[in-house]
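Asks: Make a model of this:
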Amino acid sequence: MGTTAIFRLEARCDDPAGERMNLHLSLASYDSEERQIAVEHTDASPIRKETTYSVQTSDPAASVAASVYAVPTADPPSDIVADTPPFKLSFRILRGQEVIDAQQIQVNRWGGTQRIGMIYK
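Replies: Okay, here's the model as predicted:
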């Protein structure tokens, strides 16, 4: 039997453009035999500047599949592409207290972004 831990997914956006997006986080947890234990998630909610959003496994797990979704709540204020550049959204995955991955992704203001099923052990 492999080792298990509590996993946590955290996301943050410090750009005011993020406030026109809903953020949804999801963690599917698995045991050492790759059987799904549970799925924990946050409700989709508008991103607030300088706020860290997080979700964690309710029980120790051998691995998780993490997903991040940023979905527009409204069209950008301008329809000129040069006026609506992508903005940055940061997320990180922790296994126990150890950060095992940290990424900064570009979010398209028209279509949002998603990272689905990122596997961590």
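Asks: Glu50 and Asp15 touch, don't they?
Replies: No. Counting by C-beta atoms under 8 Å, Glu50 does not reach Asp15; the two are 10.3 Å apart. Heads up, the C-betas are built off the backbone N, CA and C, glycines and all.
Asks: More neighbours: those two, which one.
Replies: Neighbours around Glu50 and Asp15, counted as other C-beta atoms under 10 Å, are more numerous at Asp15. The numbers are 14 against 7.
Asks: can you count the residues close to the residue lying closest to the more buried one once chain neighbours are set aside?
Replies: Leaving aside its chain neighbours, Asp15 sits nearest to Phe87 (4.0 Å; criterion: C-beta to C-beta, 6 or more residues apart in numbering). Residues near Phe87, counting by other C-beta under 10 Å, number 20.
Asks: check contacts around Phe87.
Replies: By C-beta atoms under 8 Å, 6 or more residues apart in numbering, the contact set of Phe87 is Cys13, Asp15, Ala17, Gly18, Gln106, Val107, Arg109.
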